[in-house]
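K.L.:
model this:
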Amino acid sequence: MSDRWFQDYVPGTTSEYGPIRVDEEEVVDFGRRFDPQPFHVDAEAASAGPFGGLIASGWHTCALMMRLLADQYLSPVSSLGSPGIDELRWIQPVRPGDELTLRATVDQARLSRSKPDRGIVHTRVELVDQAGAVVLTLRAMNLIRTRPDGAR
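P.N.:
Model (predicted):
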């Protein structure tokens, strides 16, 4: 990833990052630790359940999305964290073996009125599987530093 500053998040720009592979062992481990429902932790029970097989927890799917967002969309030189997200939706189940790609569209970028060295970037995030199906959507807000004098 290249250094990216507030000025580089241009409204209307869409970028894709990834993919990241969904590993069955990680699905089960995450489920056991944080979301121990049968369709996340027990392949046999999951096959007879509502999804017809093992699926990742929605929160695990969020963690995979965040990995792509942090590694490839946000820049370590400018990211100042996030005040939150809006409109989180799990659209379709995510299964072991899926390959997920992050699609990020900058909806809005505005400078802070009180702290001119930063701005807030609103991003529409979609996580898309290998078949092109959207599996997760959300609207992210991130605080991003402006480019300092002399930075390229």
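K.L.:
Double-check residue 67 against residue 21; I have them as touching.
P.N.:
No: look at residue 67 against residue 21 with C-beta atoms under 8 Å: they stay out of range, at 11.3 Å. No exception for glycine: its C-beta is placed from N, CA and C like everyone else's.
K.L.:
Let me see the ranges of the strands in the chain.
P.N.:
Under the criterion DSSP state E, the chain contains strands at 14-21, 84-90, 99-111, 118-128, 134-145.
K.L.:
Can you say which of those is nearest to residue 53?
P.N.:
Nearest to residue 53, of all the strands of the chain, is strand 134-145, at 14.9 Å by C-beta to C-beta.
K.L.:
Quick check: which helices or strands does that closest one pack against?
P.N.:
In terms of contacts (3 or more C-beta pairs under 8 Å, 6 or more residues apart in numbering; DSSP states H and E), strand 134-145 is packed against helix 58-68, strand 84-90, strand 99-111, strand 118-128.
K.L.:
tell me the most buried of these?
P.N.:
strand 118-128 (a mean of 21; mean count of other C-beta atoms under 10 Å).
K.L.:
Tell me the strands beside that one, with direction?
P.N.:
Here strand 118-128 has these sheet partners by DSSP bridges: strand 99-111 (antiparallel), strand 134-145 (antiparallel).
K.L.:
Output the below-cut-off pLDDT ranges for the protein.
P.N.:
Low-confidence segments of the chain (pLDDT under 70): 1, 150-152.
K.L.:
wait, what's in contact with residue 123?
P.N.:
Residues in contact with residue 123 (C-beta atoms under 8 Å, 6 or more residues apart in numbering) are 9, 73, 104, 105, 106, 107, 139, 140, 141, 142.
K.L.:
okay, those in a markdown table with distance to residue 91 next?
P.N.:
Shown next, in a markdown table, are the contacts of residue 123 (distance: C-beta to C-beta, whole Å):
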| residue | distance to residue 91 |
| --- | --- |
| 9 | 25 |
| 73 | 20 |
| 104 | 16 |
| 105 | 16 |
| 106 | 21 |
| 107 | 19 |
| 139 | 14 |
| 140 | 16 |
| 141 | 21 |
| 142 | 22 |
